[in-house]
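Colleague: curious how this folds, go ahead:
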Amino acid sequence: MVSLYWAVPYIAALIVMKVLPRTVNRTFLLFAALAMIGVPPFNGFISKLMLSMGALDAGKPGFVFLLILSSLMNGIYYLPIIISAFFGVEKEKRIWAPPFTELKISMWMPIVLLALACLVFGLFPVNLPFQWAERAAKFLLGVGN
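Modeller: Sure, this is the predicted structure:
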C-alpha cells in the first residue's frame, strides 16, 4: 500500500508530461525541481545548508546524512519527470513556444514574482523573513534570549 501511495503521483506526473501540448513552457518545472533537490543557488540549497550547519553545531551529524539522502531521493524522484518534460517527444515533433506567449499577465506575473523572491531569499539569506524564522526557532527551542 505504501509503495502504491508513492507511485500514483509519480506516474500521474509522468502522464501529464506526455499529454501536455509541446507549446507549454516547462521551464518552471525545471526550476522547481532544482530547488526541491537543493541545487545552489536555489532556496532549497540554502535551507538544507542552514539545517546541516545547525545539526553539526548540535553534534548530530546523522541529520546531515538524512538531508543529503533526502536530496538524493528528490533527485531520483524529480529528474525523470524533467527528462520526460523536455526530451519525451521525438525531435521532429517538438514545438517550443517562446516564454509567456499564451499566458495573460495575471497568469505569468505571480510566477515571475515568486521566482524572483525565491532567488533573492536564496542568495541573500540575511533578510527579515530569515531573521523572523531564526527568532521563532530560538524561542521554540528555548535557546538564547
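
Colleague: tell me the mean pLDDT over stretch 39-54?
Modeller: Looking at stretch 39-54 alone, the average pLDDT works out to 85.

Colleague: what comes up buried for that stretch?
Modeller: By 16 or more other Cβ atoms under 10 Å, the buried positions in stretch 39-54 come out as 42-48, 52. In this view, the C-beta of every residue, glycine as well, is placed from N, C-alpha and C.

Colleague: output the lowest mean pLDDT helix or strand found in the protein.
Modeller: Ranked by mean pLDDT, DSSP states H and E, the helix or strand of the chain with the weakest confidence is helix 2-19, at a mean of 61.

Colleague: what packs against the helix or strand that comes right after it?
Modeller: Moving toward the C-terminus from helix 2-19, the next helix or strand (DSSP states H and E) is helix 27-37. Counting contacts by 3 or more Cβ pairs under 8 Å, 6 or more residues apart in numbering; DSSP states H and E, helix 27-37 packs against helix 43-57, helix 61-87, helix 105-123.
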